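**Student:** How does the following fold in three dimensions:
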Amino acid sequence: MKNVLFIAPTTYKLPLDKNMRKKFEYLSEISNLNVIAFANEKKEMNLENANLYFFKKTKSRFYNYLKIMVVSLISMRKIIKDNNIEIVCFQDPVSSFLSMLIVKKRYKSIKVIVETHGDFIETLGLEKNLLFPSLYKYVFQRLSRYTIHNADIIRAVSSSTEAQVRKINKSKTIVRFPAWVDFDDFKDIKINRDKDSKFRILFIGSVTDRKKPHLIVEALNSIKKENVELLIVGPTPNSKYLETLKNLISEYALDDNVKFFGEVDRERVKSFYSEINLMILPSVSEGLARVIFESQATACPVLVTDAPGMGDIVIEGQTGYIFESNSIESLATKINQVEENYEEAKHIGTNAKDFILKNYSTENFKFSFKKIFDSV
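**Tutor:** Numbering: from 1, shown residues only. So this is what the prediction gives:
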């Protein structure tokens, strides 16, 4: 097995839950695994055939980007030397710039994989209040161009992330497969979503302008049905957007119809999936959101935008529903369609579950990485 180092701006919660342990265990079955990432505390861990190096995250995503650059430079050299690293896998084209520079200058025999999990140019600006958004965009474009051009292979999670890479480098070798989802953790959830007095809609994700939960609020105001309830679950990194969203809810007198739950643990997430009637993701910028896979694995009907990448797994009328991006009218029409024809929606949810479990699995995830490690 090859000696592999993953470097990521990803944040993990310690102690690691069963899901994350399983992910690292799968990767350690096909490589001698080393990981540099963030967590709620600084800690080094050793799992079987895996060394995990966690650094404490900061409150700012931007500072985390800077920190992973500096930390990876300091820690990366020692890890490469001590573990005879043969492959470095960067999980973001922007934050990996300095590390990529060092690898290419000092370790010419090391092969480099660059992963892209979402829109690495626009995401930060859509989630944070930036003073000079055009400057950030320019810098991110320059950094990502370097890392992509110098990668030996690219791993994209969706057709949209692949297309973004193609705009930068048309000839680069790209392998596409989705992010880690432990379907075993969702497929056997006890379901209690039969439509009763309430039709429950779930939004799950960062409460930001990139994810656009305000569009669901606008649609609820348009359809004006007292029995429809929106549950908003996820972190709130943009205080200005959150305030605007709450003001909008009050303006439309929807305070009794919209509930906020903040960021919750995995078990609570599963309980939401078991009870809600429809999951809506109104994002205009996505890689291939994990929450779509999770929802479909529980046979929950999903409604997503026609943004690039969504159609990889959501097929209109077969494995879910699609509405026109940024169109309140289109979203409201689809919500009404699902709510008024819920037996049909449940059948589509079941189709989606069958499709996902047949075509995607944790074994496929492991096999896809092994194929990259063997061929790079």
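**Student:** list the contacts for residue 261?
**Tutor:** Residues near residue 261 by C-beta atoms under 8 Å, 6 or more residues apart in numbering: 231-233, 268. The way it works is simple: take the backbone N, C-alpha and C, and place the C-beta from them, glycine included.
**Student:** Most widely separated two among those residues?
**Tutor:** 232 and 268 (13.5 Å; C-beta to C-beta).
**Student:** so which of the contacts of residue 261 is the most crowded?
**Tutor:** Among the contacts of residue 261, the one with the most neighbours (other C-beta atoms under 10 Å) is residue 232, at 23 neighbours.
**Student:** tell me which helix or strand of this protein sits lowest on mean pLDDT?
**Tutor:** helix 123-127 (a mean of 53; mean pLDDT, DSSP states H and E).
**Student:** and after that one, which helix or strand comes next?
**Tutor:** Where DSSP states H and E defines the elements, the next helix or strand beyond helix 123-127 is helix 133-150.
**Student:** Buried ones in that following helix, by neighbour count?
**Tutor:** For helix 133-150, a neighbour-count test (16 or more other C-beta atoms under 10 Å) marks 136, 140, 143-144, 146-148, 150 as buried.
**Student:** Now it: average pLDDT?
**Tutor:** Mean pLDDT, helix 133-150: 87.
**Student:** Going forward, count from 7.
**Tutor:** Let's use 7 as the start, then, which means that last one is helix 139-156.
**Student:** What strands flank the next helix or strand after it, and is each parallel or antiparallel?
**Tutor:** Going down the chain from helix 139-156, the next helix or strand is strand 159-162, by DSSP H and E. Sheet pairing of strand 159-162 (DSSP bridges) gives strand 117-122 (parallel), strand 180-182 (parallel).
**Student:** Can you add distance to residue 110 and give the ones you listed back as a markdown table?
**Tutor:** Output for those, formatted as a markdown table (distance: least, C-beta to C-beta, whole Å):
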| stretch | distance to residue 110 |
| --- | --- |
| strand 117-122 | 8 |
| strand 180-182 | 19 |
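**Student:** Could you identify which of those strands is most buried?
**Tutor:** Burial of these is given as mean neighbour count (mean count of other C-beta atoms under 10 Å); strand 117-122 ranks first at a mean of 23.
**Student:** now what about it, what contacts it?
**Tutor:** 92-99, 102, 106, 109-110, 153-154, 156-163, 167-168, 170-171, 293, 378, 382.
**Student:** what does stretch 82-93 give?
**Tutor:** Outside stretch 82-93, the residues touching it (C-beta under 8 Å, 6+ apart) are 8-11, 13, 37-38, 40, 42, 57, 59, 94, 105, 108-109, 112-113, 115-119, 379, 382.
**Student:** tally of neighbours for residue 62?
**Tutor:** 13.
**Student:** if we can go back for a sec, the contacts of stretch 82-93 in strands, which ones?
**Tutor:** 8-11, 13, 37-38, 40, 42, 57, 59, 94, 117-119 (DSSP state E).
**Student:** From those residues, pick the one nearest residue 365.
**Tutor:** residue 119 (23.2 Å).
**Student:** quick one: contacts for the nearest residue to the closest one once chain neighbours are set aside?
**Tutor:** In space, and not counting its chain neighbours, residue 119 is closest to residue 95: 4.3 Å by C-beta to C-beta, 6 or more residues apart in numbering. Counting by C-beta under 8 Å, 6+ apart, residue 95 touches 10-13, 118-121, 161.
**Student:** try residue 174
**Tutor:** 150-151, 154-155.
**Student:** next one: residue 110
**Tutor:** 118, 156.
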